[in-house]
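Undergrad: build me a model:
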Amino acid sequence: MIVYDYIVSSNAGFKKTWLLHCVQEPDIIGNTTTIRCDQKGYNGKLAHTVLLPLPQNMLITKVGGTGNEYMVDGENFPNRIRNENNSADNAVWRIELSPKTPSETDVFLNVMQATDADNTQLLPVEKIETDNFTGLRIGDRIVLFAKNGNPENTFVHLNIQGTGTIKVLITDLAKGNWEIIGPKSPGIVRNDRNLVYFNAVAGNYVIKRK
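TA: Have a look, this model is predicted:
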């Protein structure tokens, strides 16, 4: 799962916080949080990677545990289970992701991979940035979003490396016809939903409005 949030506030001092709730205590190392779900017969794990904010401007903290399950501004708000058939899997932990530097505009780019609890093989995640777009590559897929949060009319220059077929999704493009020029090109693609999707191989690509 890829989650991209472009947030603008009228006051740079307004702190923006991205939350991820979980049942078991998360383990935070650098820009990656690992959340296991291996109690009560479960066998799952979530690997959460933060690409934006950048590491030097990123603060990840965890909140939860006994007496702090629902802590907000120094006060805990306990949640009582009312249904006897409830699995009792309350989200008693959470991580809070915030930028360190105050700004009117903040962007959050998060990638989440779900696996079995004992699986150590995750798809590699790489941040991608062009003049007007930011995004990522995960496995054989590339996803790009406009940096300003609005539909773009501009050229997109994309250098793709690696082997095999790469599935490319570019969002936030103005509606209309777009031409894809590169080693493996579908030619002109009709864009009715502010996005273009195509298969590619390694090489340089130019995506431009027709």
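Undergrad: every contact and neighbour count from this point should use C-alpha atoms.
TA: OK.
Undergrad: the nearest residue to residue 152 once chain neighbours are set aside and residue 160: what is the separation?
TA: Leaving out its chain neighbours, the residue that sits closest to residue 152 by Cα to Cα, 6 or more residues apart in numbering is residue 173, at 4.7 Å. Computed as Cα to Cα, to the nearest Å, the residue 173 to residue 160 distance reads 19 Å.
Undergrad: what sits against the residue nearest to residue 152?
TA: By Cα atoms under 8 Å, 6 or more residues apart in numbering, the residues touching residue 173 are 146, 151, 152, 153, 191, 194, 195, 196.
Undergrad: compare those residues and tell me which is most surrounded.
TA: For the contacts of residue 173, the largest number of neighbours (other Cα atoms under 10 Å) sits with residue 196, at 22 neighbours.
Undergrad: wait, it sits on residue 167?
TA: No: Residue 196 is beyond contact range of residue 167, at 10.8 Å (criterion: Cα atoms under 8 Å).
Undergrad: break the chain down into its domains, please.
TA: 1-120, 123-210 (automatic domain parsing).
Undergrad: which of the ones you listed comes out lowest on mean pLDDT?
TA: Lowest mean pLDDT within the domains of the chain: domain 1-120, at a mean of 89.
Undergrad: how far out from the middle of the chain is it?
TA: 12 Å (Cα atoms, centre = their mean, to the nearest Å).
Undergrad: what's the span of it, first residue to last?
TA: In domain 1-120, first residue to last residue: 18 Å (Cα to Cα).
Undergrad: in contact with residue 3, which residues?
TA: Residue 3 touches 108, 109, 110, 111, counting by Cα under 8 Å, 6+ apart.
Undergrad: let me know the closest of these to residue 119.
TA: residue 111 (17.1 Å; Cα to Cα).
Undergrad: tell me which element that closest one falls in.
TA: Assigned by DSSP states H and E, residue 111 belongs to strand 105-115.
Undergrad: what's the neighbour count on the closest residue to residue 76 other than its chain neighbours?
TA: Beyond its immediate neighbours in the sequence, the residue positioned closest to residue 76 (Cα to Cα, 6+ apart) is residue 70, lying 5.1 Å away. When counting by other Cα under 10 Å, one arrives at 20 neighbours for residue 70.
Undergrad: beta partners of the nearest residue in space to residue 182 that is not next to it in sequence?
TA: The shortest distance from residue 182 to any non-neighbouring residue, by Cα to Cα, 6+ apart, is to residue 205 (4.5 Å). Beta-bridge partners of residue 205, counted by DSSP bridges, are residue 158.
Undergrad: please work out which of the domains of the chain is packed deepest.
TA: domain 123-210 (a mean of 17; mean count of other Cα atoms under 10 Å).
Undergrad: show the end-to-end separation of that one, please.
TA: 35 Å.
Undergrad: repeat for stretch 32-46
TA: End to end - Cα to Cα - stretch 32-46 spans 10 Å.
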